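>>> Sequence first, predicted coordinates after that:
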Amino acid sequence: MSNELRFNFNPFKEGLNHVLGTLEKDIMEVLWKRGESSVKDILDAFPADKNISYSAVITVTNRMTQKGLLKKRKMGKAYLYNPIYDKERFFEIVSKKVVEGISGFSLKSAMVHFVDYMSQMDPEKIEYFSKLIESKRKKQAIQNEYTGKTGKK
């Protein structure tokens, strides 16, 4: 099975649960914090009041491996699991895929709502995005000038 990251985005959930189930999220948080761990290590990292079975964690970590979230290696009789992507890289990949997906059905609407949302959170973000857009315009103009003169990309 391919190790390419696969997930579904649920806009009605919160935080990491937009793309991960509750147990998947909990497992990822443990692994991002602790690094490579066995199922027992993962279970030990959960709060005592979290009533999760060993077999549930085995099942979910194996599914997460198939989804391209984790890699596993055998050590003795146990398997050790490790995130394929660190937390920041995971967020980058998910963000890119979500924006590409949203843009597919209404780029204009997605951008308008994104800018509105960011300006409500932090009005200074508008200035940041304005500079980012201007920088991208300049890069594109330079690239267009280059491709127009040479006929190459």
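Cool, got the structure. Numbering: from 1, shown residues only.
>>> buried stuff in the top helix by length along the chain?
Longest helix in the chain by number of residues (criterion: DSSP state H): helix 87-121. Buried residues in helix 87-121, counted by 16 or more other CB atoms under 10 Å: Phe90, Ile93, Val94, Val98, Ile102, Ala110. C-beta here means a position set from N, CA and C on the backbone, and glycine is covered the same way.
>>> Show me what the helix or strand following that helix is packed up against.
Using DSSP states H and E, the next helix or strand after helix 87-121 towards the C-terminus is helix 124-150. In terms of contacts (3 or more CB pairs under 8 Å, 6 or more residues apart in numbering; DSSP states H and E), helix 124-150 is packed against helix 87-121.
>>> Kindly provide the whole-number mean pLDDT of the helix it packs on.
For helix 87-121, mean pLDDT is 86.
>>> Let me know the angle separating that helix from helix 124-150.
Interaxial angle of helix 87-121 relative to helix 124-150 (axes from the mean of the first three to the mean of the last three CA atoms, to 10 degrees): 120 degrees.
>>> helices or strands next to helix 87-121 in the packing?
helix 22-34, helix 124-150.
>>> Now do the longest helix of the chain: distance to the chain's middle.
12 Å (CA atoms, centre = their mean, to the nearest Å).
>>> Next: stretch 27-36.
Here stretch 27-36 is found 15 Å from its chain centre; the criterion is CA atoms, centre = their mean.
>>> and that stretch, which residues are buried?
Ile27, Met28, Val30, Leu31.
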